[in-house]
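**Q** Requesting a structural model of the entry that follows:
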Amino acid sequence: MSESFPYAGGQARQSNATAAPDPLGGEWPSATRYASHLESYYDAVNDAYDDWSSGVHRRLAARLIAIASPFPGERVLDVGCGTGLVTQMASERVGSSGEVFGVDIARRLLEVAQRRASPRVRFFHLPAETLVFSDCTFDVVTIGDALPYLADPRRALDEASRVMRRGSRIAVSVLDRALSTPAQKVFHEQLLALERRHPIVVPRPPGDRTRLGEPAALAHLLASAGFNDVVTTTMVTGGRAATAREWTDLMMGAGPSSHALLSVLGAPVRDRFEADLTEQMRKLGDDEAFRYHHPFTFAEAIRP
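**A** Here you go, the predicted model:
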């Protein structure tokens, strides 16, 4: 089982946090509802998460841990650890003399991570914005494909900085939506129109998260949180679906908003949506129809 309210190497820090503030300014009272929405999404997709879209999450984890490059004996924190792909790779790197901790808000993902993990890895049910680890605890922090989904990305980075030692390293990966294909843009336009036509309420975080994955935006965010020597790189994978049904099946695992909308559609509504999508895709031509990218920006930085 995962643990709650943990601490590492000292006395637990008491958080005086209230409602998570809007990253763009102001208070956001719906943070708890959004967190529940996220947890429900990850609970629904946990069995397929690692192998989704030909195993892209496994490749992301391997790239992130290569960038973070934990050494034997180091202490690592994986924020938004999910099914534990990064935590397990980190454990293999740090060896028996090191320690690895994973935190996430989705209990079922943590249960999956716990079952497969080395006994040296510890998992905690904990939000990224209110870590209760002691100051200056970790040598490495990783945040893999989680930052845009957090209630408050800036606050999460501030917390990551607080628990990191001076000179320690952070490695982050974020989906770069600017590199989406024309087919993905058509799909999201159709999805937005579907939401407007039907009484489906999808909780969303405040502010615009769509640019967080752009290299300049991600580098700026890390620098504004006080990190130095930010370096960004990009990885792009992708493929092509054969039909609208294959596409929508795939996109239900692409994120909480897509899943929330598509998973509740009755058969007639989904058939109509996919027929409309097929028609829009046909207008793109054979080269672009149903083609998708998974473009990710990776950033590494130092805590001064």
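
**Q** Give me the buried positions along the helix or strand bottoming out on mean pLDDT in the chain.
**A** Sorting the helices and strands of the chain by mean pLDDT, DSSP states H and E puts helix 31-45 at the bottom, at a mean of 79. Neighbour counts using 16 or more other CB atoms under 10 Å place Ala31, Tyr34, Ala35, His37, Leu38, Glu39, Ser40, Tyr41, Tyr42, Ala44, Val45 of helix 31-45 among the buried residues. Where you see a C-beta, it was placed from the backbone N, CA and C, and this is true even at glycine.

**Q** May I ask which two of those are separated the most?
**A** The largest separation in the buried residues of helix 31-45, counting by CB to CB, is between Ala31 and Val45 at 21.6 Å.

**Q** So which elements touch the helix or strand containing Val86?
**A** Here Val86 sits within helix 85-94, counting by DSSP states H and E. On a contact count with 3 or more CB pairs under 8 Å, 6 or more residues apart in numbering; DSSP states H and E, helix 85-94 meets helix 52-68, strand 75-79, strand 99-104, helix 107-116, strand 121-125, strand 138-144.

**Q** give me the low-pLDDT residue ranges for this structure?
**A** By pLDDT under 70, the weakly predicted segments of the chain are 1-32.

**Q** swap the cut-off to 90 and go again
**A** For the chain, the stretches flagged by pLDDT under 90 are 1-49, 105-109, 116-120, 132, 149-151, 192, 194-210, 255-257, 260-261, 263-265.

**Q** Using the record, which stretches count as separate domains in it?
**A** For the chain, automatic domain parsing gives the domain ranges 31-177+207-236+293-302, 179-204+240-292.

**Q** Distance from the shortest one to the middle of the chain?
**A** Meaning domain 179-204+240-292. 21 Å (CA atoms, centre = their mean, to the nearest Å).

**Q** Same check on the longest one?
**A** Here domain 31-177+207-236+293-302 shows a centroid-to-chain-centroid distance of 7 Å under the convention CA atoms, centre = their mean.

**Q** Going forward, count from 33.
**A** Noted, 33 is the first residue going forward, which turns the last one into domain 63-209+239-268+325-334.

**Q** Dihedrals phi and psi, Arg229?
**A** phi -80, psi -20 (degrees, to the nearest 10).

**Q** what number of residues lie near it?
**A** 10 (other CB atoms under 10 Å).

**Q** got it, and Leu253?
**A** As a burial measure, Leu253 scores 21 neighbours (other CB under 10 Å).
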